[in-house]
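> Got a sequence here, can you build the structure:
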Amino acid sequence: MLKTTTSPGFWCECWTERLDGQQPPALFGSFDAYTAVEANNWVATILRTISPALDTAASQEAWTRLHDHRIDTRRALLRREPWTVSITHVSTRITWTVRPVLFLSLAHRQGVELPDCAYDFKPHRPRRTD
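Coordinates of the predicted model:
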């Protein structure tokens, strides 16, 4: 029988949204962090990376989040509270979300304890769409 175990962590997402409402929000990227530090660093690294390309107001907002709100962010994550930060650049809102989760362990493909149905899956070749 397979043993089910979970590990605490954080699911991090980055969403972009056009402010004109012409398109729905789009998931830009995601990351599974296993500690509050990893989750915080993921957002901070992206903010540091993109801040030079942002307009002045958005860049200032990003640096304020990185420096002035760093302690509050870390405390919220250590309490396993969801956390969100958004900045607006021209006509686009960029939102990062960090949520506490429990990750399920995945079965190893070489394991002898896999259920019989694990071997029933037969992948299909993609169909051509000429």
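
> Now do the helices in this structure.
Counting by DSSP state H, the chain has helices at residues 36-50, 56-67, 70-78.

> Pipe these into a markdown table and attach mean pLDDT and distance to Ile87 per row.
Any C-beta I mention is one placed from the backbone N, CA and C, and that applies to glycine too. Shown next, in a markdown table, are the helices of the chain (pLDDT from 0 to 100; distance: least, CB to CB, whole Å):
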| stretch | mean pLDDT | distance to Ile87 |
| --- | --- | --- |
| helix 36-50 | 90 | 8 |
| helix 56-67 | 84 | 5 |
| helix 70-78 | 87 | 14 |
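
> so of these, which one's packed in deepest?
For these, the largest average neighbour count (mean count of other CB atoms under 10 Å) is found in helix 36-50, namely a mean of 17.

> Just the CA atoms of that one, as PDB, please.
What follows is helix 36-50 as a C-alpha-only set of coordinates in PDB (Å, rounded to 0.1, in the frame of the first residue of the first chain):
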ATOM      1  CA  ALA A  36       8.700  31.200   3.600                       C
ATOM      2  CA  VAL A  37      12.200  32.400   2.600                       C
ATOM      3  CA  GLU A  38      12.000  30.700  -0.800                       C
ATOM      4  CA  ALA A  39       8.600  32.200  -1.500                       C
ATOM      5  CA  ASN A  40       9.700  35.700  -0.400                       C
ATOM      6  CA  ASN A  41      12.900  35.500  -2.400                       C
ATOM      7  CA  TRP A  42      11.000  34.400  -5.600                       C
ATOM      8  CA  VAL A  43       8.900  37.600  -5.600                       C
ATOM      9  CA  ALA A  44      11.800  39.800  -4.500                       C
ATOM     10  CA  THR A  45      14.100  38.500  -7.300                       C
ATOM     11  CA  ILE A  46      11.500  39.200  -9.900                       C
ATOM     12  CA  LEU A  47      10.800  42.600  -8.600                       C
ATOM     13  CA  ARG A  48      14.500  43.500  -8.600                       C
ATOM     14  CA  THR A  49      14.900  42.100 -12.100                       C
ATOM     15  CA  ILE A  50      12.000  44.000 -13.700                       C
END
